[in-house]
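Student: Fold the following for me, if possible:
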Amino acid sequence: MTPNSRSAPPPEGGATRDHLAIPHEVAAGIRVLLVDDERTLRESCASVLRGDGYQVMLASRGEEALDLVRRRPFDLILVDLFMSQVSGLQILAAALEAHPETLVVVMTGNPSVGSSIEALRAGAWDYLPKPFSATHLQVLVGRASHAVLKGREAAELRQQVQRQAAEDGHALIGISAGFRRAVDLARKVAATDASVFISGESGTGKEVIAQFIHQHSRRAKRALVPINCAALPEPLLESEMFGHRKGAFTGADRDKPGLLETADGSTLFLDEVTEMSLPLQAKLLRVVQDGVIRRVGAETSGDPVDVRFISATNRDPQDAVARGILRGDLYYRLRVVPIVLPPLRERLDDIALLANHFMGIFWGRHRRMPDRQPRLTEEGIAFLRSRPWPGNVRELQNVIEHVAVLAEPDAAIGPAEIPIYEEAEATAPVRTSGVAYDGQFHETKELVIAEFESEYLARLIARASGNMSKAARQAGIDRTTLYRLMEKHGLQRDQTADA
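Tutor: Numbering: from 1, shown residues only. You can find the predicted model right below:
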């Protein structure tokens with residue numbers, strides 16, 4: 001940058017002043033180190049960047065810069081490529097070794113294709129040839145600042161996900177042999193891109209294992225993309241997974257990317273994959289095989305996607321294949337590494353660990369008195385170990401939250417303080433009709449049928465825990481008919497879950 005290059009700045013609001021999208025108060029939180037042995041350029045650049053609000057430190061010698069980057073983190077480093085004694089590439093390597101998230105821009109008055117490629121291969125974020133204008137510097141630093149802010153948001157999101165996972169009990173707690181085998185297998189496969197198929201009863205922690213695998217994979221910088229294949233009717237599930245083109249169906253007023261595209265470079269978690277229809281399974285198989293998707297309504301296939309698949313089901317997958325519910329070719333593509341999670345009734349040694357873990361979480365969340373947390377007595381633990389736990393870890397978690405909400409500080413929790421949820425409550429017989437039998441025959445018949453349908457549907461969905469495919473199979477009807485009947489009676493799954 002020449003000394004007088006700031007004398008004629010471009011007009012405010014021009015297309016080249018995108019760096020102004022960074023407010024001064026935000027720029028003040030971005031730490032910049034400028035390393036150059038040319039005093040005039042160094043001070044001119046500092047003046048420009050400080051005027052835009054950035055925190056700027058200067059180094060005139062390579063040794064000084066090395067000391068700085070090893071002692072403190074910088075968001076952005078601008079370094080001259082060719083300096084005496086210590087080169088810009090040495091400073092680049094030291095900066096990235098100390099703080100891998102730092103963005104480094106190399107500057108040089110002797111630009112060449114070879115030197116730029118060398119710098120970029122070494123990890124430089126960008127390359128700035130000299131001489132450059134104040135505007136060029138501002139725009140480049142503005143772009144880098146946006147990248148820094150996005151990186152911070154991604155890091156905060158990962159931390160938030162991890163905190164939420166811990167708060168929700170999504171910790172891989174357990175010492176039982178079957179559970180440790182599953183965790184060890186998940187740890188081994190995490191570093192690869194192999195497809196994983198997780199099976200286990202509802203509430204055993206299939207999504208927890210999926211999150212664990214993703215967070216320990218090379219794809220962890222991007223969020224896991226989950227989709228519940230049982231929660232959506234087939235047309236909506238297809239649109240959600242594959243996306244659609246504008247005009248593909250009524251209401252498709254714009255192009256919409258699907259979750260497969262969203263998961264490009266990340267992991268797609270297919271929860272309850274056996275509930276997906278066979279035609280949709282065939283379409284998914286093509287993506288698994290070829291890595292190319294076709295949106296609903298598109299005439300040609302789109303760009304390739306790089307997606308890792310983790311699938312889960314609460315069924316026996318081999319039985320699902322044998323019954324024709326799950327395509328065998330898709331299953332064996334998705335089941336490169338199978339992981340089976342044992343039910344809680346087979347993890348008796350883990351119940352005390354899990355219960356105490358949940359007690360700490362929920363006491364802290366609801367009561368905020370860490371030094372007066374209730375404790376489970378030996379009798380209370382023995383009672384928990386004696387329960388069948390049809391809802392597995394999720395049910396135990398809910399029971400302990402109930403205890404934490406109602407317990408007194410420092411209380412000793414025994415069997416009397418632990419709620420019992422009998423499975424029979426969810427399968428109680430339909431009550432006798434409350435319709436008065438004193439009207440005309442046909443009108444009274446319609447009222448009785450309507451009451452029966454409403455009551456039957458509510459208890460059907462409750463028994464199936466909101467799983468619409470499971471409910472339809474239990475009732476011996478298809479999902480379309482089930483949705484039509486629910487709409488007729490104004491029922492929603494969240495209303496029937498507690499029926």
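Student: hmm, who's touching the host helix or strand of Arg181?
Tutor: For Arg181, the host element (DSSP states H and E) is helix 177-190. For helix 177-190, contacts defined as Cβ atoms under 8 Å, 6 or more residues apart in numbering pick out 172, 174, 196, 209, 212-217, 337, 339-342, 346-347, 350. (Each C-beta comes from the backbone N, C-alpha and C, glycine too.)
Student: Repeat that for stretch 46-64.
Tutor: Contacts of stretch 46-64 (Cβ under 8 Å, 6+ apart): 1, 6, 19, 22-37, 39, 42-43, 65, 68, 74, 83-88, 90-91, 134, 137-138, 141, 145.
Student: what about it, start to end distance?
Tutor: Using Cα to Cα, to the nearest Å, the end-to-end distance of stretch 46-64 comes out at 17 Å.
Student: residues of that stretch that come out buried?
Tutor: 46, 48-49, 52-56, 58-59, 62 (16 or more other Cβ atoms under 10 Å).
Student: Kindly report the same for stretch 444-460.
Tutor: Buried, per 16+ other Cβ under 10 Å, within stretch 444-460: 447, 451, 454-455, 457-460.
Student: ok, those vs Pro415, which is closest?
Tutor: Closest approach to Pro415 among those (Cβ to Cβ): Arg459, at 29.6 Å.
Student: Wait, Pro257 touches His244, no?
Tutor: No. At 9.1 Å, Pro257 does not count as touching His244 under the criterion of Cβ atoms under 8 Å.
Student: For Met107, what are phi and psi?
Tutor: Torsion angles at Met107 (phi, psi; degrees, to the nearest 10) stand at phi -120, psi 150.
Student: That one: what's it in contact with?
Tutor: 36, 78-81, 88, 128-130, 132.
Student: do Ala475 as well
Tutor: Contacts of Ala475 (Cβ under 8 Å, 6+ apart): 456, 460, 482.
Student: same deal with Glu275?
Tutor: Glu275 touches 229-230, 467, 469-470, counting by Cβ under 8 Å, 6+ apart.
Student: Can you list which of the buried residues of stretch 444-460 are found in strands?
Tutor: Among the buried residues of stretch 444-460, no member falls in strands (DSSP state E).
Student: which of these lies closest to Thr250?
Tutor: Using Cβ to Cβ, the buried residues of stretch 444-460 come closest to Thr250 at Leu457, 26.8 Å.
Student: The closest one contacts His489, doesn't it?
Tutor: Yes. Counting by Cβ under 8 Å, His489 is a contact partner of Leu457 at 6.3 Å.
Student: before we move on, the earlier item: with pLDDT and distance to Leu376 added, can I get the buried residues of stretch 444-460 in a markdown table?
Tutor: Shown next, in a markdown table, are the buried residues of stretch 444-460 (pLDDT from 0 to 100; distance: Cβ to Cβ, whole Å):
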| residue | pLDDT | distance to Leu376 |
| --- | --- | --- |
| Leu447 | 76 | 50 |
| Glu451 | 78 | 44 |
| Ser454 | 79 | 41 |
| Glu455 | 78 | 39 |
| Leu457 | 82 | 39 |
| Ala458 | 79 | 35 |
| Arg459 | 78 | 34 |
| Leu460 | 81 | 36 |
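Student: what residue ranges in the chain score low on pLDDT?
Tutor: 1-21, 111-113, 154, 156-171, 248, 251-252, 421-440, 442-443, 492-499 (pLDDT under 70).
Student: any chance you could map the strands in it?
Tutor: So, for the chain - with DSSP E - the strands run 31-35, 55-59, 76-80, 103-108, 126-129, 196-199, 225-228, 243-244, 256-257, 267-271, 308-313, 337-340, 375-376, 412-413.
Student: what's around Ala177, how many residues?
Tutor: 12 (other Cβ atoms under 10 Å).
Student: any idea how far Asp349 is from it?
Tutor: 9 Å (Cβ to Cβ, to the nearest Å).
Student: Asp316 now?
Tutor: 25 Å.
Student: Was I right to think Arg222 contacts Ser266?
Tutor: Yes. Arg222 is within contact range of Ser266, at 3.9 Å (criterion: Cβ under 8 Å).
Student: So for the two, which residue has more residues nearby?
Tutor: Ser266 (20 against 16).
Student: residue contacts, that one?
Tutor: Taking Cβ under 8 Å, 6+ apart, one finds 214, 219, 222-225, 307-308 in contact with Ser266.
Student: again with Arg394
Tutor: 202-203.
Student: and the gap between Thr313 and Lys206?
Tutor: 8 Å.
Student: ok, what's across the strand from Val196?
Tutor: Ile310, Val337 (DSSP bridges).
Student: how deep is the residue nearest to Asp126 when sequence neighbours are not counted tucked in, by neighbour count?
Tutor: Nearest non-adjacent residue to Asp126, counting by Cβ to Cβ, 6 or more residues apart in numbering: Val105, 4.8 Å away. If you count neighbours by other Cβ under 10 Å, Val105 ends up with 23.
Student: Was I right to think Val105 contacts Leu76?
Tutor: Yes. Look at Val105 against Leu76 with Cβ under 8 Å: they come within range, at 7.1 Å.
Student: Please identify every residue contacting each of the two.
Tutor: What both Val105 and Leu76 touch, as defined by Cβ under 8 Å, 6+ apart, is the set Ala144.
Student: quick one: the helices in the stretch 351-499 of the chain?
Tutor: Using DSSP state H, counting those that start in this stretch, the helices of the stretch 351-499 of the chain run over 378-386, 392-406, 441-463, 468-475, 479-488, 493-496.
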